[in-house]
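*Asks:* task: produce atomic coordinates for the following.
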Amino acid sequence: MTETDLQNLLKKQRRFFASGATRDTESRRQALLALKKAILRHKRDLAGALRADLGKSEMESHMCETGLALCELDWMLRHLNSLTRERNVHTPLSQFAARSFCSPSPYGNVLIMSPWNYPVLLTLDPLIDALAAGNTAILKPSAYAPASSRVLERLIGECFSDAYVAVVTGGRAENQALLHQRFDKIFFTGGSAVGREVLRCAADHLTPVALELGGKSPCIVDKSARIPLAARRIVFGKFLNCGQTCVAPDYVLCHESLKTQLIAAIQKEIYRQFGREPLKNPDYGRIVNIRHFRRILGLIDPERLALGGEYDEASLRIAPTVLENVTFRDAVMQEEIFGPVLPVLTFRTIREAVSFVERRPHPLALYLFCEDRAVVQRVLSHCRFGGGCINDTVIHLASSAMPFGGVGESGMGGYHGRAGFEAFSHTRSIVDKKTWMDLPIRYQPYNDKKRKLLELFLR
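*Replies:* Below you'll find the predicted structure:
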């Protein structure tokens, strides 16, 4: 698609938005219902595409992609009336007589740029929020997940005109062409390098941006943790989607007295969940492409290998791998791993662990395995991070009742549920002043009587 084609598409969407067709609540509801029917109709196609792009099993595709998107959609349908309703707020005495209220208003024409690691969920989830808020949308899925992009393009085309929702496929050239257009909101999920470019381009038009990025999310294992259960949940969260999850535990920071016990428990859980030969497990995913495959292999130091390390270049599979005796100076700790490699580091005191985390860019997620509530409170009160779990991993992003998003270098803005509706809405503050009376205090000429009355009203 040329830049002229994109400009024409955006003009078409602006005209559609200006017509008011997306504004009333019932129109939004019908759009969400149409999308739900299309997702259900193409559920098997989406699962097949995710298998082709990332080797995901049908179970994982439903659990982590289509199922979560449908949950978000159902939440929006249940709460749409309350979300779109005006909300009365207190009116100060100085503004008597008036009604004050907050009114949500759609931004207008939005751009949603999604990544390859969860190409269905991370395209549909923000789209659901954008439609509920009353916007039109242009979707730009990642070129690294071509099968998923094709199914999404077909699915969206069946239930929306391109004046309402359109899918633009392609690679970097299309990304750049889109970022040079004027949108009313940009929602980007991906890496921090591209996130910075999105922010730079958006600045030219003063376009508001939500950035869902990533980072090195720590998993702290305190000496009070229940090790067998901790290992089971760490293995699930880390090796889900072959480690290609933005909120996966990037590294484990465990009490030094637990390291041997924890690694043994992790090995036991890897065998339990993936078998003794994970590369032969049909439900274990694969790395998205050869470039990322080789990058991840380059992070595996044979001298620090505790278990795993096997790989198959033909199928782009790397077995769940654990590294020990790792320091923050090692290559594996210099970037987000985004693959099935888990470094294990140690600490002596919880103060030292907190200091490790806080000296580095704020992560998208933090996980703490601990039975000591004082330790839990210390970590929560001293560490800055996007979200996380106590005694589990990754599940916090599966709830529409809580916002999901990063802080600092892991992103800005949040979504899911109410937060998602608000991410694609501007809240207007409105005072409806009555005309049957008019207090003269604010008007000149001023005098002592007016000043005293003003002081009284503004208390």
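*Asks:* count of residues packed around V344?
*Replies:* Residue neighbour count, defined by other CB atoms under 10 Å, stands at 22 for V344. Just so you know, the C-beta spots here come from the backbone N, C-alpha and C atoms, and that holds for glycine as well.
*Asks:* go on, T327?
*Replies:* 10.
*Asks:* now it: which helix or strand?
*Replies:* Under DSSP states H and E, no helix or strand contains T327.
*Asks:* would you confirm that L366 contacts F385?
*Replies:* Yes: at 4.1 Å, L366 counts as touching F385 under the criterion of CB atoms under 8 Å.
*Asks:* overlap in contacts, the two.
*Replies:* 217, 357 (CB atoms under 8 Å, 6 or more residues apart in numbering).
*Asks:* which stretches in the stretch 251-400 of the chain count as strands?
*Replies:* Using DSSP state E, counting those that start in this stretch, the strands of the stretch 251-400 of the chain run over 251-255, 305-307, 311-312, 317-318, 321-323, 341-347, 365-369, 387-390.
*Asks:* to A38, which of these lies closest?
*Replies:* A38 lies closest to strand 387-390 among these, at 29.7 Å (CB to CB).
*Asks:* who are the packing partners of the closest one?
*Replies:* The contact analysis (3 or more CB pairs under 8 Å, 6 or more residues apart in numbering; DSSP states H and E) places strand 387-390 against strand 365-369.
*Asks:* helices or strands up against the strand it packs on?
*Replies:* By 3+ CB pairs under 8 Å, 6+ apart, strand 365-369 packs against strand 218-221, helix 227-239, helix 373-382, strand 387-390.
*Asks:* how about a cut-off of 7 Å?
*Replies:* In terms of contacts (3 or more CB pairs under 7 Å, 6 or more residues apart in numbering; DSSP states H and E), strand 365-369 is packed against strand 218-221, strand 387-390.
*Asks:* what are the contacting residues of the helix or strand bottoming out on mean pLDDT in the chain?
*Replies:* Every helix and strand in the chain was compared by mean pLDDT, DSSP states H and E; the lowest is helix 448-457, with a mean of 87. Contacts to helix 448-457, defined as CB atoms under 7 Å, 6 or more residues apart in numbering, come from residues 93-94, 441.
*Asks:* N8: how many residues sit nearby?
*Replies:* 12.
*Asks:* mind listing what G275 touches?
*Replies:* So G275 contacts N281 (CB under 7 Å, 6+ apart).
*Asks:* hmm, try it at 10 Å
*Replies:* 281, 283-284 (CB atoms under 10 Å, 6 or more residues apart in numbering).
*Asks:* just to revisit the earlier point, so can I have JSON lines of the strands of the stretch 251-400 of the chain showing mean pLDDT and distance to L111?
*Replies:* Shown next, in JSON lines, are the strands of the stretch 251-400 of the chain (pLDDT from 0 to 100; distance: least, CB to CB, whole Å):
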{"stretch": "strand 251-255", "mean pLDDT": "97", "distance to L111": "33"}
{"stretch": "strand 305-307", "mean pLDDT": "96", "distance to L111": "43"}
{"stretch": "strand 311-312", "mean pLDDT": "96", "distance to L111": "37"}
{"stretch": "strand 317-318", "mean pLDDT": "98", "distance to L111": "34"}
{"stretch": "strand 321-323", "mean pLDDT": "98", "distance to L111": "37"}
{"stretch": "strand 341-347", "mean pLDDT": "97", "distance to L111": "33"}
{"stretch": "strand 365-369", "mean pLDDT": "98", "distance to L111": "25"}
{"stretch": "strand 387-390", "mean pLDDT": "97", "distance to L111": "24"}
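*Asks:* R226 is nearest to which of the ones you listed?
*Replies:* That would be strand 365-369 among these, by CB to CB, at 7.5 Å.
*Asks:* sec struct for A69, please.
*Replies:* helix (DSSP: H, G, I helix; E, B strand; the rest coil).
*Asks:* now it. Nearest residue, chain neighbours left out?
*Replies:* Sequence neighbours aside, L124 is the residue nearest to A69 in space, at 4.1 Å (criterion: CB to CB, 6 or more residues apart in numbering).
*Asks:* which SSE is that neighbour in?
*Replies:* helix 121-132.
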